[in-house]
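K.L.:
what shape does this take:
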Amino acid sequence: MNVNQSAPPVPPFGQPQPVYPGYHQSSYGGQPGSTAPATPYGAYNGPVPGYQQPPPPGVSRAPSSSGAPPASIAQAPCGQGAYGQFGQGDVQNGPSSTVQMQRLPGSQPFGSAPLAPVVSQPTVSYGPPPTSSQVTAQLAGMQISGAMAPAPPPSGLGYGPPTSLASASGSFPNSGLYGSYAQAQGHSGAQPPQRSAPPQASSFTPPASGVPRMPSMTGPPLPGQGFGGPPVSQPNHVSSPPPQALHPGTQLSGLPGPPPPMHSSQQPGYQLQQNGSFGPARGPQPNYGSPYQAAPTFGSQPGPPQPLPPKRLDPDAIPSPIQVIEDDRNNRGSEPFVTGVRGQVPPLVTTNFLVKDQGNASPRYIRCTSYNIPCTSDMAKQAQVPLAAVIKPLARLPPEEALPYVVDHGESGPLRCNRCKAYMCPFMQFIEGGRRFQCCFCSCINDVPPQYFQHLDHTGKRVDAYDRPELSLGSYEFLATVDYCKNNKFPSPPAFIFMIDVSYNAIRSGLVRLLCEELKSLLDFLPREGGAEESAIRVGFVTYNKVLHFYNVKGSLAQPQMMVVSDVADMFVPLLDGFLVNVSESRAVITSLLDQIPEMFADTRETETVFAPVIQAGMEALKAAECAGKLFLFHTSLPIAEAPGKLKNRDDRKLINTDKEKTLFQPQTGAYQSLAKDCVAQGCCVDLFLFPNQYVDVATLSVVPQLTGGSVYKYTCFQVENDQERFLSDLRRDVQKVVGFDAVMRVRTSTGIRAIDFFGAFYMSNTTDVELAGLDGDKTVTVEFKHDDRLNEESGALLQCALLYTSCAGQRRLRIHNLALNCCTQLADLYRNCETDTLINYMAKFAYRGVLNNPVKSVRDTLITQCAQILACYRKNCASPSSAGQLILPECMKLLPVYLNCVLKSDVLQPGAEVTTDDRAYVRQLVTSMDVAETNVFFYPRLLPLTKSPIESTTEPPAVRASEERLSNGDIYLLENGLNLFLWVGASVQQGVVQSLFNISSFSQIPSGLSILPVLDNPLSKKVRGLIDSLRAQRSRYMKLIVVKQEDKLEMLFKHFLVEDKSLNGGASYVDFLCHMHKEIRQLLS
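P.N.:
Numbers count the residues shown, from 1 in each chain. All right, here's what the predicted structure looks like:
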């Protein structure tokens, strides 16, 4: 986008802009939209009553995206379980996107005046112009909400009363009753001076009902209508002039005047709803009507004209995640992010950018909910914005960025403050000519040791500051001395133990044979330090069912030896020498063992398994070898064999929505917590690969992986032919990734705030130390801060995260990350420097932990209340005065409602009938340690149209909003949320496209649920397969592909991820939730 292009003239603010209500907008296939029954807005937490009603007799129905699934999928059979089968982690719920807010100087008007028609749009056809009497009637009844600072009205497709526009994605004459996805959220000009310079905001007035939507028109502008500013880059190739706003809030104004004349004599007299208040006249969302009844009639002949439904908020007129992401990429993707300035808000996680470390840790390591913290606790309480940091201490960096430097201070070890033990960092102040330094965290004055002394320059900086990473960079490592090691001796290199379930289910499914075959080659790729020739990690093998089998694979043996331990109640390791070995020394014996295991157990009839004794055995083996390490457990069933940690099947769907629902997320027994505590003390991390065919109590089995910093992978109804690629890809990545073992992390803060709460996969035996038996580059620890004193605007606030860990080569290290934040006395500064993606990451983790001890409904209510308080505080203290009918959102938080709604509709907080208890427990523990980019795409999935961008283009196609409105039946789309990957094929897609992608002549021949695209030598096939590969490479888990045909039974599953729509399980649509938030905010303000 060319930001410097001069703007064409715009009409002055107060000048009325023509709007054109009273026009029919056809729904799919030219058929007029149906009249939906009017219903009151239901209680937020339950299904909205209106959505469940059948249509009135004789009313044609547009395609429904809600309602009960067809009988055939009401209870998904094993092969179609929502989670394990469909994709990565089983998530079936709304994705995550932690998408972020655009931060621009200036504000974005959400239609401070009603929308002017689009001018000169090449690819778009518009409806006929209205008669002059209609225009006059509208102008008379129109009101411009001018309560904010003056701003010219947006031109083009801004946020405002809807414009009708041919679908940018293809072959529907109109994308349903909402118009297509092509809103331009423009960048705006500079802000005028204001009381406390309120941050930019977005606001709109929900429309009065009874006003239909109007098409805009082509041709020259009418009198009073202007051309807009420079074109904004459009995700969907529709560029339009952005609003040139000056006021602090972006406003969407509705049409509060009397409804203009309707051109349809049948238009019923809907009661007027002022400003989106919730009167009985609110009808269901067009096209999202009743339970699924019949196939929509795409492309059918137009029927008799139907009366229009009441006017609802136009989806194009409310903040779009896609637009915000696109704008941030355009504005901030080209320049490196230099970390030298305190309190800078980084680009969004969805933007590709380079980081230059100049004294603050990269946002890849630490992201904060706000980069400007309130100076007082009273101010923080008033705003209700959680103060939290999402820390990823061992984050992987792109190849262009250097790993943290390793600093070796020799025997004396790293230099620290004597009082608070903070490590030397760029914010420490040297005094008295460099002989002493003042700690920036606790203000204690410390002596500089003689060997560390250096003179100061004329600014008071050490002359060697830029030669020392710890004095010039935000992130670096120290080599730890023996004082930082257990029992005051340096650690041995870690070990990996592979523990394989050889019960009947594991053998029958082909899992054991597949795994043993893969391990033969995978053992050559164990993680290694720097330029080491081979890995220092030793390996061991155990198989088990009701008893455990240990293997001696010493290099000097001709054949491996097996030892059986049947006393599972008192677990011990029967051999020391030969159990943990170096791969290269024992290669032949290991290969022989892996060949023999599938044959040895081929005829087993043992169906029962144990679980806790297996972990106990692995931990005892590491203890005997005096090293840390990781257990890789491959397990298939509920451990019902007589042994410690034995479980019973307690799955009970009747508990959902009762006060006892929380027990479904809690472990059955305390045995696993105490086992996990012992594992952490030994530095024994557990990664669990589950292959269940039925309930296995993930909530209990995942306790040890969760508390030891490990991972859980779940493959429901595992079948080698369908799932081997996903399983092997996850396994390879899991075995090869760099891990820090036996780790302890502490977060120190400068005076005035302190860390009070922690979220993630770890164990804590006290209130300050986060203990991790293992920590990899995908895991985050989220830390919440509270005030314990007043902060100072000048000195700001400091965080230092110190991680002590053992590297893969057995070296003890300290990794340090420092971050300086600003402090403010004006709420406006807080709201201007927030990051919504990080906020949602924190709120999701807070809620997902809350379900362990509280009814799910109260957890949901808490989230809604907190969000309303955050936005109401902004409205009350930072926005210019305006009518109560306007919803005004801070610019940085305008996506908070849409993302929060995605969290509220997620399977953990609002499960559909097909979501199992295990699925919910699995997703709950998965989200707990996700980083901001992962929660972003997990809660708000990416939907990419594939045939719109040129075939030769190598870049990712621009995304569209996650709503059924955006799907064109003549196109194909990829949808991903970090765990699942769907390829949706429209029913009217061109035959050539079907041939190029599937090597099949027609849509009807595409097999349902296909999971692999054929490798074909044509540009489209190469492009789509390349895109799928690149999406998979961006995610930490392998996303299994599922091809979904329009109108197929699998489409229900796909629609679950269209998170802007109403969900089958009662979750509100984005439009409805925004109206609900507005109502909550108004209640708080009144």
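K.L.:
tell me the pLDDT of the most centrally placed residue in the chain.
P.N.:
The chain has Thr935 as the residue nearest its centroid, 1.9 Å off, counting by Cα atoms, centre = their mean. At Thr935, the pLDDT value in this model is 97.
K.L.:
equivalent analysis for Pro242, please.
P.N.:
pLDDT, read off for Pro242, is 37.
K.L.:
just Leu576 next, same as before
P.N.:
84.
K.L.:
and for it, nearest residue in space, chain neighbours not counted?
P.N.:
Among residues not flanking Leu576 along the chain, Ala624 sits closest, at 5.4 Å (Cβ to Cβ, 6 or more residues apart in numbering). The way it works is simple: take the backbone N, C-alpha and C, and place the C-beta from them, glycine included.
K.L.:
phi, psi for the one you found please.
P.N.:
Main-chain dihedrals, Ala624, degrees, to the nearest 10: phi -70, psi -30.
K.L.:
report how many residues lie close to it.
P.N.:
Counted by other Cβ atoms under 10 Å, the residues lying close to Ala624 total 14.
K.L.:
next: Cys444.
P.N.:
Neighbour tally, Cys444, other Cβ under 10 Å: 13.
K.L.:
equivalent analysis for Leu772, please.
P.N.:
Around Leu772 there are 29 other residues, counting by other Cβ under 10 Å.
K.L.:
that one: which element?
P.N.:
Using DSSP states H and E, Leu772 sits in strand 770-776.
K.L.:
wait, what's in contact with the closest residue to Glu661 other than its chain neighbours?
P.N.:
Among residues not flanking Glu661 along the chain, Leu655 sits closest, at 5.0 Å (Cβ to Cβ, 6+ apart). The contact partners of Leu655, by Cβ atoms under 8 Å, 6 or more residues apart in numbering, come to Glu661, Thr663, Leu664.
K.L.:
nearest to Met843, of those?
P.N.:
Using Cβ to Cβ, Glu661 comes nearest to Met843 of the contacts of Leu655, at 19.9 Å.
K.L.:
follow-up on the earlier one: quick check: the residue nearest to the centre of the chain touching Met843?
P.N.:
No - counting by Cβ atoms under 8 Å, Thr935 sits too far from Met843 to count as a contact (9.6 Å).
K.L.:
what comes up buried for the helix or strand where Ala617 lies?
P.N.:
According to DSSP H and E, Ala617 maps onto helix 612-625. Buried residues in helix 612-625, counted by 16 or more other Cβ atoms under 10 Å: Ala612, Pro613, Val614, Ile615, Gln616, Ala617, Gly618, Met619, Glu620, Ala621, Leu622, Ala625.
K.L.:
look up how far Val589 lies from the nearest residue to the last one once chain neighbours are set aside.
P.N.:
Closest residue to Ala625 apart from its sequence neighbours, by Cβ to Cβ, 6+ apart: Leu580 at 5.3 Å. When distance is defined by Cβ to Cβ, to the nearest Å, Leu580 is 13 Å away from Val589.
K.L.:
burial of the closest residue to Lys486 other than its chain neighbours, as a residue count?
P.N.:
Nearest residue to Lys486 in three dimensions, chain neighbours excluded: Asp742, at 7.3 Å (Cβ to Cβ, 6+ apart). As a burial measure, Asp742 scores 26 neighbours (other Cβ under 10 Å).
K.L.:
for Asp742, phi and psi?
P.N.:
The phi/psi pair for Asp742 (degrees, to the nearest 10) is phi 50, psi 50.
K.L.:
contact partners for it?
P.N.:
Asp742 touches Lys486, Pro491, Ala628, Gly683, Ala773, Tyr805, Thr806, counting by Cβ under 8 Å, 6+ apart.
K.L.:
ok, 6 Å please
P.N.:
Applying Cβ atoms under 6 Å, 6 or more residues apart in numbering, one finds that Asp742 lies in contact with Ala628, Gly683, Thr806.
K.L.:
give me every residue that touches the first one.
P.N.:
Each residue near Ala628 by Cβ under 6 Å, 6+ apart is listed here: Pro494, Gly683, Phe741, Asp742, Thr806.
K.L.:
and the last one, how close does it get to Val573?
P.N.:
Yep, that's Thr806 we're talking about. For Thr806, the distance to Val573 - Cβ to Cβ - is 21 Å.
K.L.:
between these two, tell me which one has more neighbours.
P.N.:
Using other Cβ under 10 Å as the criterion, Thr806 and Val573 rank with Thr806 on top: 27 against 22.
K.L.:
quickly list what that one is bridged to.
P.N.:
Counting by DSSP bridges, Thr806 forms beta bridges with Phe741, Arg812.
K.L.:
roughly how far does it sit from Tyr484?
P.N.:
For Thr806 relative to Tyr484 (Cβ to Cβ), the value is 10 Å.
K.L.:
give me the common contacts of the two.
P.N.:
Arg812.
K.L.:
still on that earlier bit, next SSE after the helix holding Ala617?
P.N.:
Going down the chain from helix 612-625, the next helix or strand is strand 629-635, by DSSP H and E.
K.L.:
next, the angle strand 629-635 makes with the very next helix or strand once past that next one.
P.N.:
Moving toward the C-terminus from strand 629-635, the next helix or strand (DSSP H and E) is helix 671-682. Computed by axes from the mean of the first three to the mean of the last three Cα atoms, to 10 degrees, the angle separating helix 671-682 from strand 629-635 equals 150 degrees.
K.L.:
hang on, the earlier thing: where does the residue nearest to Glu661 land on pLDDT?
P.N.:
For Leu655, the model assigns a pLDDT of 91.
K.L.:
for the remainder of this discussion, apply numbering that starts at 12.
P.N.:
OK, 12 is where the count begins now, so the last one is Leu666.
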